[in-house]
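# Structure, please.
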Amino acid sequence: MNEQSFFTATDDAPTDGDTETRRSADSSERAYNTIRKLLVEFKLKPEERINEVQLAKTFGVSRTPIREALNRLASEGFVSLTPNRGFFVRSLSTEGLIDLYELRSIIECAAFRLMCERAEDDQIERLRLYWSAIVDGYREQPADTILAEDEGFHLLIAELSGNPELINQLAAINARIRFIRRIQIEHRSHDLSQVASHSAIVDAAIARDAEGGMRLLRQHIELTVSATQQALKDALLKVYSPPVADTKRARRRAV
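Got it, this is the predicted structure:
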């Protein structure tokens, strides 16, 4: 693993206070982006303990930006932090996945109903404007952008429900499934036709059709669950299957 080019040898050089602060923030941001890329490309294996010292040495920086990046990734659900043991790559297990998506469905449907009952017309317009601003280029966006925009859409519905606890609960669920959803978005099972379901959900909100919108949300989330399960199975094969070259060598030795 060689990501040296992402950093400069002067990251820790003494400078004036403002410049040093900017340099530190820049190093942390680059560390975050690089480690996140390693995670989603499975360069770091699921459940593997992350060696902060080795990462700092490889990237040519101090441990501070590495630790800041890992804390940020932990808050986003890409890694986990175990007290007195350190950071670990998230598991790719499907265990508990159905339960989380079921809870997500319950929360989002409740939020949609409350939004239809409580939101003012100008608040519903916020949802329409949010989606209309991104719908045209939604399919062509990078996976990280699609994920962020999709989360923003569903969190806005929770916000318009007028119940802050629904926002908090949905945000917590998003953090726990974000790593898995990120994998699914780049997988062949990702159904780009789901763009249409977002548009239909907006139409139901404008019509104050609580039952119709809740039905659309349930269908939308159920499709995501099925696609995610397939993406995880393929990801596990990719991670744990021996490389083709190793398999060929093993066959030659067996002959």
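# C-alpha from now on. contacts and neighbour counts both.
Fine.
# So residue 81: helix, strand or coil?
Secondary structure, DSSP: H, G, I helix; E, B strand; the rest coil: residue 81 is strand.
# Which parts of this protein are helices?
Listed in chain order, the helices of the chain (DSSP state H) span 17-40, 52-59, 63-75, 97-118, 121-134, 143-160, 164-185, 194-206, 210-240, 244-254.
# The residue lying closest to residue 65 once chain neighbours are set aside: what's it in contact with?
Among residues not flanking residue 65 along the chain, residue 28 sits closest, at 4.2 Å (Cα to Cα, 6 or more residues apart in numbering). Residue 28 makes contact with 64-66, 68-69, according to Cα atoms under 8 Å, 6 or more residues apart in numbering.
# May I see the residues you listed organised as a markdown table, with distance to residue 128 added?
Below are these laid out as a markdown table (distance: Cα to Cα, whole Å):
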| residue | distance to residue 128 |
| --- | --- |
| 64 | 42 |
| 65 | 39 |
| 66 | 39 |
| 68 | 36 |
| 69 | 34 |
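# Please pick the buried ones from the residues you listed.
Taking 16 or more other Cα atoms under 10 Å as the criterion, what is buried in the contacts of residue 28 is 65-66, 68-69.
# so which of these comes closest to residue 176?
Nearest to residue 176 among these is residue 69, at 17.6 Å by Cα to Cα.
# just for the stretch 151-255 of the chain, where's the confidence low?
For the stretch 151-255 of the chain, the stretches with pLDDT under 70 are 187-193, 239-255.
# what about 80?
183-184, 186-195, 225-255 (pLDDT under 80).
# Domains in this structure, by residue range?
Domain ranges of the chain: 12-89, 97-240, per automatic domain parsing.
# Residue 66 contacts residue 33, correct?
No: the criterion here is Cα atoms under 8 Å, and residue 66 misses it with residue 33 at 10.8 Å.
# The residue nearest to residue 211 when sequence neighbours are not counted: neighbouring residues, count only.
Distances taken as Cα to Cα, 6+ apart place residue 113 nearest to residue 211, at 7.6 Å, with adjacent residues excluded. Residues lying near residue 113 (other Cα atoms under 10 Å) number 21.
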